[in-house]
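>>> mind looking at a prediction? Sequence and model below.
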Amino acid sequence: MPAHHRHTRWGLAVAAVLVVAACKESTGPQAQLSDPAGLTSDLLTVSDVLLSPTFLSFSAVSAATGSPAAAPSRVGALLRAAPIMPPRTSSTLDANTAARLLALRRSAATFAGGISASVVPQPLLGTTWVWNTTTHAYEQDGTFTPAASADRVRIILYAVDPFTHDVVETPLTATGFVDLVDESTTAPAVDKLHVIVSGGTPASPGTVYADYTVSGQVTGNPASAFTATAAGFVSDGTHTLTFSATFAATQLDTDNADVEIDITWDLDNPAIHVVLREMVVLPDANHLTLTITDCSVTHGAQTVSMHGAITIALLSAGTETVTLDVTVDVNDVPWARISGTDNGIAVRHADGSELSSAESQAFGNLFGLPRAIEFAIESLFSPCQRLMGA
């Protein structure tokens, strides 16, 4: 199910605690959101950019039968193990922590051969892929004109069902195309993929909806460290969201790998600036601590920021305990605190009072934004992950 359709345990916990009385305790000046409705509107604008029909079409190519972007190869194993995206809710962490731990432990073996000279397999370069309604799959079209350049693989995009993400065959409607351009180098040794999503047709290109690069570099053989970067923009044709991200993992040849993530997003209209800086530490094979040093949204003269820690203990196969201790500030003054373990997670003002209805709505959208961006990042990175190793 798409990320933006999933309900989360943290989200359910938030909904529950917003209507439960809290004990009152004074902790100093209580910050106030200057315009909760305005923050909600701005966050919804960001979400709309990330959930446009273009991304629905693009997201389908990483899972569609026959798609060249659905064939796994190399570097994406680590991108999938710790994706470049905002801090996730507790239930999303629940669902993915074990897989991340396992992927990180296996990463040294994954990169035993180091970086290759090419991300896109040689037979795919210069090919164009279209949907066949008879076989219900993508297939190579050797007669498609104009032909793709020799440095890329081209995939035609089609309208998809917004719920299943399956290609709609009646009628089959092309919505654009994506070029996956191999820009890898051997000196320095870097796997790099340039992704360009356009409307129109290859013969008559339209609006560019996404233009970004994803690169990966390893240290050691077997690999002991990995760095991934991503930079570029996405658009819905009206608003543009520019992003830059760095993901660095160390001690990959041990059970206690460390990860640092640094991301910024900037929306042009309205002007919104989003920052995420966090660290993931695995002290042993069964524990994970996510420390959020800065997760902030700036709109106008107001910055809403979140910082704190999320600790996960793997008690047994499929059983985890999640503990949160996170503070939300408004212009560096405490506004709300999120704390507790599992279903006991509570959300209150810093002084213990309840959030107003408008604040609750803004709070919900603030925590909904990471889920929307998660879906967009999944759409943006999945084809790269498949070609680069997931």
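Great, that's in hand.
>>> ranges for the helices of the stretch 151-300 of the chain?
With helices called from DSSP state H, counting those that start in this stretch, the stretch 151-300 of the chain shows none.
>>> where does this structure dip in pLDDT?
Flagging of the chain using pLDDT under 70 yields the residue ranges 1-30, 50-52, 55, 71-118, 315-318, 366-390.
>>> can you get me a residue count around residue 194?
Per other CB atoms under 10 Å, the neighbour tally for residue 194 reads 19. The C-beta positions use only the backbone N, C-alpha and C, and glycine is treated the same way.
>>> which ones are touching it?
Applying CB atoms under 8 Å, 6 or more residues apart in numbering to residue 194 gives the contacts 179, 180, 181, 182, 183, 212, 213.
>>> possible to save the residues you listed as CSV with distance to residue 331 and neighbour count?
Output for these, formatted as CSV (distance: CB to CB, whole Å; neighbours: other CB atoms under 10 Å):
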residue, distance to residue 331, neighbour count
179, 43, 20
180, 42, 27
181, 42, 19
182, 45, 21
183, 41, 17
212, 31, 21
213, 34, 16
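>>> tally of neighbours for residue 230?
Using other CB under 10 Å: residue 230 sits among 23 other residues.
>>> thinking again about what came up before, so which two of the contacts of residue 194 are the farthest from each other?
Greatest spatial distance in these: 182 and 212, 14.6 Å, computed using CB to CB.
>>> dump the residue contacts of the nearest residue to residue 120 once chain neighbours are set aside.
Spatial nearest neighbour of residue 120, excluding adjacent residues (CB to CB, 6 or more residues apart in numbering): residue 182 at 4.2 Å. Neighbour list for residue 182: 118, 119, 120, 125, 151, 152, 192, 193, 194 [criterion: CB under 8 Å, 6+ apart].
>>> wait, the fifth one touches residue 180, no?
No - counting by CB atoms under 8 Å, no contact exists between residue 151 and residue 180, whose distance comes to 9.8 Å.
>>> got the phi/psi numbers for residue 268?
phi -80, psi -40 (degrees, to the nearest 10).
>>> how many residues are close by it?
Residue 268 - counted by other CB under 10 Å - has 14 other residues nearby.
>>> thinking again about what came up before, distance check, the residue nearest to residue 120 against residue 365.
Per CB to CB, to the nearest Å, residue 182 is found 39 Å from residue 365.
>>> do the same with residue 325
23 Å.
>>> these two: which is more packed in?
The neighbour comparison of residue 325 against residue 365 (other CB under 10 Å) goes to residue 365, with 19 against 13.
>>> if I've got this straight, the more buried one is in a helix?
Yes - assignment of residue 365 by DSSP: H, G, I helix; E, B strand; the rest coil places it within a helix.
>>> shouldn't it be in contact with residue 39?
Yes - Residue 365 lies in contact with residue 39 (CB under 8 Å); the separation is 7.3 Å.
>>> circling back to that earlier point, just the buried subset of the contacts of residue 182, please.
Using 16 or more other CB atoms under 10 Å as the burial test, the contacts of residue 182 include 118, 119, 120, 125, 152, 192, 193, 194 as buried.
>>> a markdown table for these, including distance to residue 304?
Formatted as a markdown table, these follow (distance: CB to CB, whole Å):
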| residue | distance to residue 304 |
| --- | --- |
| 118 | 43 |
| 119 | 38 |
| 120 | 41 |
| 125 | 45 |
| 152 | 40 |
| 192 | 34 |
| 193 | 34 |
| 194 | 34 |
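>>> and those, which two are the farthest apart?
Counting by CB to CB, the most remote pair of the buried ones among the contacts of residue 182 is 125 and 192, 14.5 Å apart.
>>> which of the contacts of residue 194 fall in strands?
Residues of the contacts of residue 194 located in strands (DSSP state E): 179, 180, 181, 182, 212, 213.
>>> which residue is the nearest non-sequential neighbour of the fifth one?
Spatially, and ignoring its direct neighbours in sequence, residue 212 is nearest to residue 232 (2.4 Å; CB to CB, 6+ apart).
>>> quick revisit: the buried ones among the contacts of residue 182 in strands, which ones?
Those of those lying in strands (DSSP E): 152, 192, 193, 194.
>>> how much space between the last one and residue 179?
Counting by CB to CB, the separation of residue 194 from residue 179 is 8 Å.
>>> same check, this time on residue 283
43 Å.
>>> hang on, the earlier thing: need the ones in strands among the contacts of residue 194 in CSV with distance to residue 273, can you?
Putting the ones in strands among the contacts of residue 194 into CSV (distance: CB to CB, whole Å) gives the following:
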residue, distance to residue 273
179, 29
180, 29
181, 29
182, 32
212, 18
213, 21
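>>> which of those sits closest to residue 310?
residue 212 (27.8 Å).
>>> dump the residue contacts of the closest one.
Residue 212 touches 194, 195, 230, 231, 232, 233, 234, 243, 380, counting by CB under 8 Å, 6+ apart.
>>> what subset of those is buried?
If we count by 16+ other CB under 10 Å, the contacts of residue 212 have these buried: 194, 195, 230, 232, 233, 234, 243, 380.
>>> now tabulate those residues in JSON lines and tack on distance to residue 129.
JSON lines is the format used below for those (distance: CB to CB, whole Å):
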{"residue": "194", "distance to residue 129": "17"}
{"residue": "195", "distance to residue 129": "15"}
{"residue": "230", "distance to residue 129": "23"}
{"residue": "232", "distance to residue 129": "22"}
{"residue": "233", "distance to residue 129": "24"}
{"residue": "234", "distance to residue 129": "22"}
{"residue": "243", "distance to residue 129": "27"}
{"residue": "380", "distance to residue 129": "19"}
